[in-house]
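> kindly generate the corresponding structure for this input.
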Amino acid sequence: MGSTIPALALDVFGTVVDWYGSVEGVERLKRRYVVCTLSNGNIALLTHMAKNAALPWD
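Next up is the predicted model:
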């Protein structure tokens, strides 16, 4: 069961789509600030989620 939880997390959170306008908003913020995520997710999960939703955080 221990290996099932991370796989499930990638399935669920990795397929999350961005909210309307969120990518454009993050891109505007990046013009002046460093943009990052605050999450308890691991690097693989956050990378997969960012690539899937095209989230442009640093």
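> give me phi/psi at the closest residue to Val35 other than its chain neighbours?
Distances taken as C-beta to C-beta, 6 or more residues apart in numbering place Trp57 nearest to Val35, at 4.5 Å, with adjacent residues excluded. To be clear about C-beta, it is placed using only N, CA and C from the backbone, and glycine gets the same treatment. In terms of degrees, to the nearest 10, the main-chain angles of Trp57 are phi -70, psi 160.
> confidence score at Trp57?
Note for Trp57: predicted pLDDT of 83.
> what about it, distance to Tyr33?
11 Å (C-beta to C-beta, to the nearest Å).
> what's the answer for Leu46, then?
For Leu46 relative to Tyr33 (C-beta to C-beta), the value is 18 Å.
> per-residue pLDDT, Thr15?
64.
> rewinding a little: so the residue nearest to Val35 makes contact with Met49?
No - with contact defined as C-beta atoms under 8 Å, Trp57 does not count as touching Met49 (10.2 Å).
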